[in-house]
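>>> sequence first, predicted model second:
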Amino acid sequence: MRKKTQLIHGGVDIDKNVGAMSPPIYQASTFRQNGVGNFTYEYARTGNPTREALETLIADLEKGKRGFAFASGMAAIAAVMDLFQAGDHILVTDDVYGGTYRYMTKILNNRNIDVTFIDSSDLEKVKENIRQETKAIFMETPTNPLLKITDIQALAGISKENNLKLIVDNTFNTPYWQSPIENGANIVIHSATKYLGGHSDLVAGLIVVDDEQLGEDIHFIQNATGGVLAPYDSWLLIRGIRTLGVRMEEIESNTDKIVAFLVKHPQVEKIYYPGLPAHPNHDIHVKQSGGYGGMVSFTVENEEKAMEVLNKVRYFTLAESLGAVESLISLPAKMTHASIPRERRIELGIEDGLIRLSVGLEDVEDLIEDLKQALA
């Protein structure tokens, strides 16, 4: 089954009871038992048919053993981190989403779980930082917001050699373009709020695992901590996923044209986009991904100029998040990555004049004209 077909027919695509083409929304908190312990569903925190339809779908799409749906991307990350205990050590991509950085530095550290932020695209640096107590590598590729590329297969090899779990945040590229489990990852995480939902109308997180025992462990954590996705949001997310393929292709087509415009613009100093041949590790991205996505970051002279651009755009909406049908624009230093200290941001290359675009489905000529007048 090819990807566009799987988006529609993967998981539980037709209700078995009445043949409904859309999975029913089982808005129920509990379920009748046919005798003590004789049940299909017991309690909605433990399992719900609508959520299960979504969880089966994402497991199919990511080519994993089991999928799990949570109330947000950060709830999904927190559940994965609950696999570890005091004294453990985790390696984390340095250029990572600000909320992930905040969680790793403000919460995991309080649990005596040590975190080292490294450039995961530098394999030698990864090897040098592995300790006896290291249990996992957590990575993004492409990263947020500099779109750095890490070789998943190579990192999977290092992880296997050292008996580590490889955790990949696949939010930016989605399972439509990239399959981390096929490249050796053990756990895949999504902020499904973004491309998978795609319409700025839900908040959700997903986890897929490559191993049945890992699945049992995550399900125990999901049930014990209770940060599950509600039935209606599960249904909305299934609906969003069904159009993922056509959205990702059209978004990438728009992005290619916008990047071509930015490359030639005199006010633009640097551009970060995996589709550019000069982008670091472009060849690796081509090897492990079927597309370049709709995220672009670029720098202008300074924060003042960046603020001017943000204030002048008309079709790019100034907002947090990404991956929606609407084009969004943000200033990472003041928004998504504000929780990272400025000295650390500058060290990573997240400059005060860095602008991040999430390209949507508007007419691309309107988007280019909008950027042109804002940059003028």
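Sure thing, it's come through. No experiment lies behind these values; they were computed from the predicted model shown.
>>> where does this structure have low pLDDT?
Within the chain, the stretches with pLDDT under 70 are 13-14.
>>> top strand in it by residue count?
strand 134-140 (DSSP state E).
>>> hmm, who's touching that one?
83-84, 88-93, 95-97, 100, 120, 126, 150, 152, 155, 158-159, 162, 164-169, 171-172 (C-beta atoms under 8 Å, 6 or more residues apart in numbering). Heads up, the C-betas are built off the backbone N, CA and C, glycines and all.
>>> which element follows that strand toward the C-terminus?
Downstream of strand 134-140, the first helix or strand assigned by DSSP states H and E is helix 152-161.
>>> which helices and strands sit right next to the helix or strand that that following helix is followed by?
With elements assigned by DSSP H and E, the helix or strand that comes after helix 152-161 is strand 165-169. Strand 165-169 makes packing contacts with strand 134-140, helix 152-161, strand 187-191 when contacts are defined by 3 or more C-beta pairs under 8 Å, 6 or more residues apart in numbering; DSSP states H and E.
>>> can you list these in TSV and add distance to residue 105 and mean neighbour count?
Putting the helices and strands packed on strand 165-169 into TSV (distance: least, C-beta to C-beta, whole Å; neighbours: other C-beta atoms under 10 Å) gives the following:
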stretch	distance to residue 105	mean neighbour count
strand 134-140	13	23
helix 152-161	22	18
strand 187-191	18	28
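>>> name the SS class of residue 91, please.
Reduced to three states with DSSP: H, G, I helix; E, B strand; the rest coil, the structure at residue 91 is strand.
>>> count the neighbours of it for me.
A total of 26 residues lie near residue 91 under the criterion other C-beta atoms under 10 Å.
>>> how about it, what does it touch?
With contacts defined as C-beta under 8 Å, 6+ apart, the neighbours of residue 91 are 115-116, 118, 120, 126, 129-130, 134, 136-138.
>>> any idea which of those residues is closest to residue 298?
Distance from residue 298 was checked for each of these by C-beta to C-beta. The minimum falls on residue 120, at 22.8 Å.
>>> that closest one against residue 126, yeah?
Yes. Counting by C-beta atoms under 8 Å, residue 120 does reach residue 126; the two are 6.1 Å apart.
>>> more neighbours, these two?
For residue 120 against residue 126, the residue with the higher neighbour count under other C-beta under 10 Å is residue 120, and the figures read 28 against 24.
>>> need the three-state assignment for the more buried one.
Following three-state DSSP, residue 120 is assigned to coil.
>>> give me the phi and psi for it.
Torsion angles at residue 120 (phi, psi; degrees, to the nearest 10) stand at phi -70, psi -10.
>>> circling back: now do the shared contacts for residue 120 and residue 126.
Taking C-beta under 8 Å, 6+ apart as the criterion, residue 120 and residue 126 both touch 91, 137, 155.
>>> ok, these vs residue 332, which is closest?
Residue 332 has its nearest neighbour among the shared contacts of residue 120 and residue 126 in residue 91, at 22.5 Å by C-beta to C-beta.
>>> what bridges to that closest one?
Residue 91 has these beta-bridge partners by DSSP bridges: residue 116, residue 137.
>>> quick check: ChimeraX command selecting the buried ones in the contacts of strand 134-140.
A single ChimeraX command selects the buried members of those (16 or more other C-beta atoms under 10 Å):
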select :83,84,88,89,90,91,92,93,95,96,97,100,120,126,150,152,155,158,159,164,165,166,167,168,169,171,172
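>>> for the chain, which segments count as helices?
Counting by DSSP state H, the chain has these helices, from start to end: 3-9, 49-61, 73-81, 98-103, 123-128, 152-161, 174-177, 212-225, 231-242, 244-264, 282-288, 303-312, 342-348, 364-375.
>>> which strands or helices does the shortest one pack on?
It stands for helix 174-177. For helix 174-177, the contact count by 3+ C-beta pairs under 8 Å, 6+ apart identifies helix 3-9, helix 49-61, helix 244-264 as packing neighbours.
>>> if we can go back for a sec, and the shared contacts of residue 120 and residue 126, which is closest to residue 303?
Checking the shared contacts of residue 120 and residue 126 against residue 303 by C-beta to C-beta gives residue 91 as the nearest, at 31.5 Å.
>>> how close does the closest one sit to residue 123?
Distance of residue 91 to residue 123, computed by C-beta to C-beta, to the nearest Å: 12 Å.
>>> likewise residue 324?
Residue 324 sits at a distance of 34 Å from residue 123 (criterion: C-beta to C-beta).
>>> same thing with residue 64?
Between residue 64 and residue 123 the computed distance is 24 Å (C-beta to C-beta).
>>> more neighbours, these two?
When residue 64 and residue 123 are compared for neighbours, residue 64 comes out ahead with 25 against 15, by other C-beta under 10 Å.
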